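Colleague: Test case, fold it:
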Amino acid sequence: MAKEIRLPQFGQTMEEGTIVNCPVKVGDEVRSGDCIFEIETDKTTLEMESPADGFVKHIFVEVGQTLPVGELLLVLGGKDEQVPQRFLDSLKAVVAAKPARQPVGTPAVAAETTDVKVEVKVGKIIPLTKKQKLTTERMLKSKRELPCFYLTVKADVTDLVELRIKLNKTISYNDFIIRAVAIGLQKFPIMTGQLAGNTIKLPYTINIGLAVSTPGGLVVPVVKNAHKKNVKQIAADAKALIEKAQNEKLLLTDLEGACITVSNLGVFGIDSFIPIVIPGQCSILGIGRITDTCVSDNGGVIIRKLMSMTLSVDHKIANGAYAAQFLDFTRKLLEDTSNFAF
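Modeller: Sure, this is the predicted structure:
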């Protein structure tokens, strides 16, 4: 019996997807779990698996099309089954009443990036990729809808730098920062909140996003349950996520659930910057480079290693005093290495 296959909703925020590849053609046999499409969402590119066995009887979409969740993609049937044209026409006219969701137990697998990288030089016109367009839309949404304020402090990370050297640099500064932020969020939980009508909804777990630059653009994989992990565990999770991001192998589950994001541009020589809050989160922490700075000490001058930290905060959720206490507490955690038990 003919079976219609529609575009599933791979994640809670997914509203549409773009067909970037279709490895099957009419007449092909497919098995449940075989890749039948590669779909680009607002977060990543995924392999869509066939939910059933069968033979491809008709494909309704073309590569490059952007479709809403629930849109008809193809029809499967028996090997010798004849699917009437009137039946196909009737399917086209049907609007999905409820978005199809990815079946439990068959997670979507990230596919290779499909962004076209053209030669970049003066005078060229560079088309935006799907990911760039979606990033633009989300950032504009943030600027329009989130009344943010910004706080900046400098942390004395001299002892932290020495600790990292003792550890042979096996743990990155981001790992220490994520750990400190997780502890801070436990003490100041409003910073994890999301606005829900006339309430502020606090999550059950503290998940922290880490902005990662990849050949296909910026992605923000999420370290889950960061408040329950020590620095070494966070480092292992972050390393695995970064490797998956660089190889375009992230799953949607790797990108969902963050209540705050850490964005570190210090590696690029940036002293400080004001990051944009990601919609759905209360704040984002921007980290600058560590610099040798002269500071006063009992009438003299010594050189310490200072790191700029800028917190962007949605004022609808947290007020200035509360956010300032959170940032100051996090700074102090980073300045005292005894907080990082191994």
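Colleague: how close does Thr261 get to Cys282?
Modeller: In this view, Thr261 and Cys282 are 10 Å apart by C-beta to C-beta, to the nearest Å. C-beta coordinates here come from the backbone N, C-alpha and C atoms, glycine included.
Colleague: So if I had to pick from the two, which one is more boxed in?
Modeller: A count of neighbours by other C-beta atoms under 10 Å puts Cys282 above the other of Thr261 and Cys282, at 26 against 22.
Colleague: How about the more buried one, nearest residue that isn't a chain neighbour?
Modeller: Leaving aside its sequence neighbours, Cys282 sits nearest to Ile317 (C-beta to C-beta, 6 or more residues apart in numbering; 4.6 Å).
Colleague: Kindly report the same for Lys305.
Modeller: Nearest residue to Lys305, sequence neighbours excluded (C-beta to C-beta, 6+ apart): Thr158, at 4.5 Å.
Colleague: again, but for Met139
Modeller: Ile276 (5.4 Å).
Colleague: What distance do you get for the one you found to Val212?
Modeller: With C-beta to C-beta as the criterion, Ile276 and Val212 are 16 Å apart.
Colleague: that older thread, was I right about the residue nearest to Cys282 contacting Ala196?
Modeller: No: assessed by C-beta atoms under 8 Å, Ile317 is found out of contact with Ala196, at 10.5 Å.
Colleague: quick one: which of those two has more around it?
Modeller: Applying other C-beta under 10 Å to Ile317 and Ala196 shows that Ile317 carries more neighbours, namely 21 against 8.
Colleague: I'd guess that one is in a helix, am I close?
Modeller: No: applying DSSP: H, G, I helix; E, B strand; the rest coil, one finds Ile317 to be coil, outside a helix.
Colleague: What's the local residue count around the residue nearest to Lys305?
Modeller: Neighbours of Thr158 using other C-beta under 10 Å come to 20.
Colleague: from here on, count from 39
Modeller: Okay, residue one is now 39; in that scheme the one you just asked about reads as Thr196.
Colleague: That one contacts Arg342, correct?
Modeller: Yes: using C-beta under 8 Å, Thr196 makes contact with Arg342 at a distance of 4.9 Å.
Colleague: Now for the residue nearest to Met177: which residues touch it?
Modeller: 177, 180-181, 322, 350 (C-beta atoms under 8 Å, 6 or more residues apart in numbering).
Colleague: Just to be sure, it is in a helix?
Modeller: No: assigned with three-state DSSP, Ile314 falls outside any helix and is coil.
Colleague: so what pLDDT did it get?
Modeller: Ile314 is assigned a predicted lDDT (pLDDT) of 93.
Colleague: repeat for Ile308
Modeller: On the pLDDT scale, Ile308 gets 96.
Colleague: which residue of this protein sits farthest from its center?
Modeller: Gly337 (47.4 Å; C-alpha atoms, centre = their mean).
Colleague: What's the separation between it and Lys270?
Modeller: Taken as C-beta to C-beta, the span from Gly337 to Lys270 is 41 Å.
Colleague: where does the chain have low pLDDT?
Modeller: Counting by pLDDT under 70, the chain shows low-confidence ranges at 50-51, 130-154, 156, 380.
Colleague: Can you list the residue ranges for helices in it?
Modeller: Ranges of helices within the chain are 123-131, 168-183, 196-204, 211-225, 269-284, 358-373, based on DSSP state H.
Colleague: got the contact list for the closest residue in space to Lys282 that isn't next to it in sequence?
Modeller: Of all residues not flanking Lys282 in the chain, Leu288 sits nearest, at 4.9 Å (C-beta to C-beta, 6+ apart). Applying C-beta under 8 Å, 6+ apart, we find Leu288 in contact with 81-82, 148, 257, 259, 279, 282.
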